[in-house]
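> What shape does this take:
(chains A, B and C)
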Amino acid sequence: MKKSLVILALLAASAATAQAQSNVAIYGTIDSGINKATGTTLAVGKRDNNKLGFKGVEDLGGGLSALFQLEIRFEPDTGAVENTTTTTYRPLFQGQSRVGLQGGFGTLRFGRGLSAYQETSITFEPWSGMPTPAGFMTDLQVAGYTSDPLSAAGNSRNRFSNAVFYNSPLFFGVGQINVTYGTKEANGNPAIIGRGTALAPQFPANSPPAEAPYSVSGTILSGPLGLMAAYEKNGVETDIWSVGASYKPINPLKLMVTYQRQNQDYTLPFNPATRAWVIGANYLVGPGKVLAGFGRKSPDGVTMTRQYSLGYEYNLSVRTYLYSDISTRHADNHVNYYSLGIHHNF
Amino acid sequence: MKKSLVILALLAASAATAQAQSNVAIYGTIDSGINKATGTTLAVGKRDNNKLGFKGVEDLGGGLSALFQLEIRFEPDTGAVENTTTTTYRPLFQGQSRVGLQGGFGTLRFGRGLSAYQETSITFEPWSGMPTPAGFMTDLQVAGYTSDPLSAAGNSRNRFSNAVFYNSPLFFGVGQINVTYGTKEANGNPAIIGRGTALAPQFPANSPPAEAPYSVSGTILSGPLGLMAAYEKNGVETDIWSVGASYKPINPLKLMVTYQRQNQDYTLPFNPATRAWVIGANYLVGPGKVLAGFGRKSPDGVTMTRQYSLGYEYNLSVRTYLYSDISTRHADNHVNYYSLGIHHNF
Amino acid sequence: MKKSLVILALLAASAATAQAQSNVAIYGTIDSGINKATGTTLAVGKRDNNKLGFKGVEDLGGGLSALFQLEIRFEPDTGAVENTTTTTYRPLFQGQSRVGLQGGFGTLRFGRGLSAYQETSITFEPWSGMPTPAGFMTDLQVAGYTSDPLSAAGNSRNRFSNAVFYNSPLFFGVGQINVTYGTKEANGNPAIIGRGTALAPQFPANSPPAEAPYSVSGTILSGPLGLMAAYEKNGVETDIWSVGASYKPINPLKLMVTYQRQNQDYTLPFNPATRAWVIGANYLVGPGKVLAGFGRKSPDGVTMTRQYSLGYEYNLSVRTYLYSDISTRHADNHVNYYSLGIHHNF
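From the prediction side, this is the model:
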């Protein structure tokens, strides 16, 4: 809306041709295959998040850059935006929608994206945060914690909307601090009963957060050793902290472990605490990669969850690989999961 | 999610600039004009499907390629995703969402796309499968058959979600076999009464298919002659078969004919069979193309439908043409249709 | 659907690689920051419309071009399509969806876009039509007028769907005429009571327009002087006219003024007339730009609205600037507004 529109017709033509495409990089992942879980039909589905994104970096001089990123998330088997139906709704740019500046001070961005806690946790998870049931991210890696419980029905569990994102520069060449701060804006949540009643829920529909949610994490990456600590409090005052470490005894082998503790005392009268830990390994061998992991989640007074997973990736190129995962999960039920598919980055 | 995210800020910048855009081709069609049908107001609308797509092919060496395609479908007159409102829902990538491999064995893809039956039928239809009322595809060419009756309200009639798509290599340089196989996953359909009652519908809301749907087709293209045969069974056990032929007596003239028979016996207690045939011609003359067709559909014991259509395309370039169509359709009502518009590929 | 699909597999590969990307330019704006208004919480939000667009121009020879433009609009703070929830619905290409021809006769396009009235008004508004509360466009600049009251709930206030758009060539090198004409197609509006009752609303749900809506504007741009006059009538027979002028006494300074009068007599039994005027200035100083404006809206017998605004933009590059706005608005309530953010074009 910044350019003069008095001479509409002429501008329409010249603007289109003068616009260079080099300002935008298109990228994405499409990953699909067949899978089977105990008690469900053979399905076509995904292992990783499927994305189509648009991003760019503009050099402003003096070490300063402007950067933006917009990322569509979709289901490869139906072509739909992730988890969007006529009754649930995820944003078009579910993956992220951010713009900001980067310089000697670090990176400062506004919009929507993974919280510092969630983004940091991913690197200490043997499936790199992929949402496959064989991975540990969604449930065990973050102890079933939800970053945005006050968003619309069906929205995601690990992102902040209406937020400010800060990543520090490297300290001493090895450390980094990340902070995400959300506002108290309401975002169309359904009612959350919590410590209230159905008639007087603790968080009625479209409630603002009790306090502004925030998320902090710190990481150290020094030679073969990685360390992390993270803390987050969401809009219904549930908080979680986590510590983790990774180690490479030899270069092709990465070992990793995390521990996390979630406290839902603000909304849950009984059994508010959940503890979880995950150990895992990635091993590069020839054109392939072996993934292995074990995790356990112990909610107070509720059935413990345990999961064992094994995966293999066979690289057809640097952008494309075939994969197979197998996992078994014990909770109230016992679920085995098998998958076979193709993962393609573009 | 595959790359390390420990050093978040630095990666954000370098990843954006390092990403080459050449992995993705953007393509599409936008087609709009004015049209008028008996009994409706003058409208702005489309002749062809409007699409904005993203696709790519990666050479993996040894004759093997990875390929993907994501295709948005939209209404040019409102800017909306095809047929999507607050109560009906079509996926963002309604056109297709597929990834897979191509090699000496043929092409194998996972995701969502036109079924083998529907995709093969298009080439034997004088309007090349375009959804204009002057064309024959939607109703006559496939006898009003629906490939995916168990999808959400308003979804498309000619695609499989949650499917595996196989296209064979050419046999003897002239023949090809195509197979689409869908899973038994439920996809949010409204209730289908069928042989049941309103209280006990044959397919309740969000039913899985009775059996996994599938679709097969074979084509031969030898010199001036094209032949096809196709069969498909959908999730409510309706099946359809079709045979067709095309012939070019002289190079600018393509004649085509198809016959199809649909059987809805599994869900319709009365008049389950529908038969249809379509004949047509495309004639290239100077910078233009003449399209002509006649089709007839005969459902058991229900009014027969007949349609006569004539169209003309005037090429302004290889990517852009103006068009006009005129058609008349006789069923319970008699509807004339006229249109005038512009069709642009990019 | 125009290319032969008989040989499916082979075409899929070759078409993808042969497709040149140069036909499409990707462009957009992402703008986000923090803001605070009297009575609401600190928020992350936008100043300008956020867009991701795809456009192209094809030279057809002889001075004729084909052109298209598709423009997604989104909220940067949530990543959602503008104003889209599970109960309200805006089209994916909310910004515009148009295709047409340009030549010596001017520009003729079909589809959806800003009406001639709205597009012309923008250039005489000190915030260039940006939707920030500090700007005057949405309410004062167009006297609160709605171009498309008969569209679905939550849809935009300043666009025509199902329309034909004509922009004349320049007359005498200085003048241009623009016309937008909409059809009488129904577009899913909720009921509008108007002069009816709740049981018998004047416009029931999904009503067609009473008469086809249209919009005309004329502009003259001669040296330092700009003049405009515009008129529009929407689908519920509300009409509005506006006159405006801009003047540059020195090159870095642009002064502007508009007056508009809206008449809702067809649907409002009482107080149908609204009058508004806006004066403003833009002043370029060093790497920055100062924006200032005052506007007043006087509905018949209803509280007058007055708004004073001041803004500053600091250019980091030709594509990126930081901004801050401050405004105060007096109507039934008194609302102050402050914002600080970053605006990035790509």
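> Spatially nearest residue to residue A:132, not counting backbone neighbours?
Closest residue to residue A:132 apart from its sequence neighbours, by CB to CB, 6 or more residues apart in numbering or on different chains: residue A:47 at 4.3 Å. From N, CA and C alone the C-beta is placed, and that goes for glycine too.
> what's the neighbour count on the one you found?
If you count neighbours by other CB atoms under 10 Å in any protein chain shown, residue A:47 ends up with 27.
> Ok, residue A:298 next?
If you count neighbours by other CB under 10 Å, residue A:298 ends up with 17.
> for it, helix, strand, or coil?
Counting by DSSP: H, G, I helix; E, B strand; the rest coil, the backbone at residue A:298 sits in strand.
> Across the sheet, point out what pairs with it.
residue A:275 (DSSP bridges).
> Now do the same contact list for the residue in the stretch 101-250 of chain A that chain C sits nearest to.
The stretch 101-250 of chain A approaches chain C most closely through residue A:110 (3.8 Å), counting by CB to the nearest CB. Listed by CB atoms under 8 Å, 6 or more residues apart in numbering or on different chains, the contact set of residue A:110 reads A:98-100, A:163-165, C:32-34, C:44, C:76-77, C:341-342.
> want to throw those residues into CSV with secondary structure, neighbour count and distance to residue B:274?
As requested, the contacts of residue A:110 are exported to CSV (DSSP: H, G, I helix; E, B strand; the rest coil; neighbours: other CB atoms under 10 Å in any protein chain shown; distance: CB to CB, whole Å):
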residue, secondary structure, neighbour count, distance to residue B:274
A:98, strand, 26, 53
A:99, strand, 27, 54
A:100, strand, 25, 59
A:163, strand, 29, 55
A:164, strand, 21, 60
A:165, strand, 27, 58
C:32, strand, 29, 55
C:33, strand, 25, 59
C:34, strand, 17, 61
C:44, strand, 25, 56
C:76, coil, 28, 51
C:77, coil, 28, 51
C:341, strand, 24, 60
C:342, strand, 22, 60
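> got JSON lines for the residues you listed, with pLDDT and distance to residue C:145 too?
Shown next, in JSON lines, are those (pLDDT from 0 to 100; distance: CB to CB, whole Å):
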{"residue": "A:98", "pLDDT": "98", "distance to residue C:145": "34"}
{"residue": "A:99", "pLDDT": "98", "distance to residue C:145": "31"}
{"residue": "A:100", "pLDDT": "98", "distance to residue C:145": "36"}
{"residue": "A:163", "pLDDT": "98", "distance to residue C:145": "35"}
{"residue": "A:164", "pLDDT": "98", "distance to residue C:145": "36"}
{"residue": "A:165", "pLDDT": "98", "distance to residue C:145": "38"}
{"residue": "C:32", "pLDDT": "97", "distance to residue C:145": "28"}
{"residue": "C:33", "pLDDT": "97", "distance to residue C:145": "28"}
{"residue": "C:34", "pLDDT": "97", "distance to residue C:145": "30"}
{"residue": "C:44", "pLDDT": "97", "distance to residue C:145": "30"}
{"residue": "C:76", "pLDDT": "97", "distance to residue C:145": "27"}
{"residue": "C:77", "pLDDT": "96", "distance to residue C:145": "27"}
{"residue": "C:341", "pLDDT": "98", "distance to residue C:145": "28"}
{"residue": "C:342", "pLDDT": "98", "distance to residue C:145": "31"}
